[in-house]
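[1] need the 3D shape of this:
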Amino acid sequence: TGVQTCALPIIFIEISKGIGAGIIIDNKLFRGNFGSAGEIGFMIVNKENLDFKVEGKGFFEKFASIEGIKERIKNSIKNYENSLILEMAGRDINNINTELIMNAANQEDVLSKSVISDCVELFSVVLIGLILILNPQAIILGGEISTVPFREELFLKPIINRMSKNLPFNYPEIKFSILGDDATLYGAILI
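    Sure thing, here's the model as predicted:
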């Protein structure tokens with residue numbers, strides 16, 4: 001048929017308004033017993049948040065999705081009145097978007113860097129867990145995150161650095177989807 005099969009898992013993680021994963025094993029989407037395999041947006045990253053009340057979004061996606069990052073910035077901006085991001089947004093928090101956040105973080109804005117750093121820590125914990133459980137061949141990051149500026153420097157490299165310190169063995173290649181924000185659409189079409 002010309003299609004190569006691979007029994008090793010590949011994980012695709014969509015990071016946009018929410019967070020979800022597609023786990024592909026033997027060229028088939030693994031759905032799990034009740035169809036909820038890959039719903040990593042509902043992962044609880046630390047024991048202090050076991051009482052987190054799910055109201056539409058899970059813990060992980062509430063704090064680490066693109067929407068979650070924007071909300072955290074907007075909710076914290078009053079404590080950082082001299083923030084570069086507020087200046088870049090024309091002092092209107094409604095103008096704050098992902099591109100602005102990443103640009104401000106790249107220019108050493110304290111608030112933006114803090115939120116991105118926290119997001120990197122959350123992702124590091126989740127990705128290390130997925131690697132330890134599934135030992136995938138590759139992890140592909142897609143969705144809105146794959147189109148933002150400075151994604152390699154501010155997001156991917158720090159995650160890989162964490163993995164190199166926390167995993168005593170080889171870990172899979174982790175990279176951004178070349179399909180950008182359309183990766184999920186192409187996957188759905190193929191299924």
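[2] grab the longest helix from this structure for me.
    With secondary structure taken from DSSP state H, the chain has its longest helix at helix 110-134.
[3] mind jotting down where the strands sit in the chain?
    Remark: strands assigned in the chain by DSSP state E are 10-15, 19-25, 28-30, 138-142, 173-176.
[4] just checking, what packs against the shortest one?
    Here strand 28-30 touches strand 19-25, going by 3 or more C-beta pairs under 8 Å, 6 or more residues apart in numbering; DSSP states H and E. Yep, even glycine has a C-beta here, placed from its N, CA and C like the rest.
[5] got it, and the second one?
    In this structure, strand 19-25 packs against strand 10-15, strand 28-30, helix 59-64, with contacts taken as 3+ C-beta pairs under 8 Å, 6+ apart.
[6] partners of that strand in the sheet?
    The strands beside strand 19-25 in its sheet (DSSP bridges) come out as strand 10-15 (antiparallel), strand 28-30 (antiparallel).
[7] wait, which of those is closest to residue 40?
    Nearest to residue 40 among the strands paired with strand 19-25 is strand 10-15; the distance by C-beta to C-beta comes to 7.1 Å.
[8] now the closest one and helix 110-134, what's the angle there?
    For strand 10-15 against helix 110-134, the angle by axes from the mean of the first three to the mean of the last three C-alpha atoms, to 10 degrees is 150 degrees.
[9] which residues are in contact with strand 10-15?
    In this structure, residues lying in contact with strand 10-15 by C-beta atoms under 8 Å, 6 or more residues apart in numbering are 19-24, 40, 64-66, 130, 134, 136-146, 177, 183-184, 187.
[10] of the residues you listed, buried ones?
    19-24, 40, 64-66, 130, 134, 136, 139-146, 177, 183-184, 187 (16 or more other C-beta atoms under 10 Å).
[11] would you mind listing where this protein has pLDDT under the threshold?
    Scanning the chain for pLDDT under 70 picks out 1-6, 180-191.
[12] what residue is smack in the middle of it?
    residue 15 (4.6 Å; C-alpha atoms, centre = their mean).
[13] quickly note the distance from the residue nearest to residue 70 when sequence neighbours are not counted to residue 104.
    Leaving aside its sequence neighbours, residue 70 sits nearest to residue 96 (C-beta to C-beta, 6 or more residues apart in numbering; 6.1 Å). Residue 96 sits 9 Å away from residue 104, going by C-beta to C-beta, to the nearest Å.
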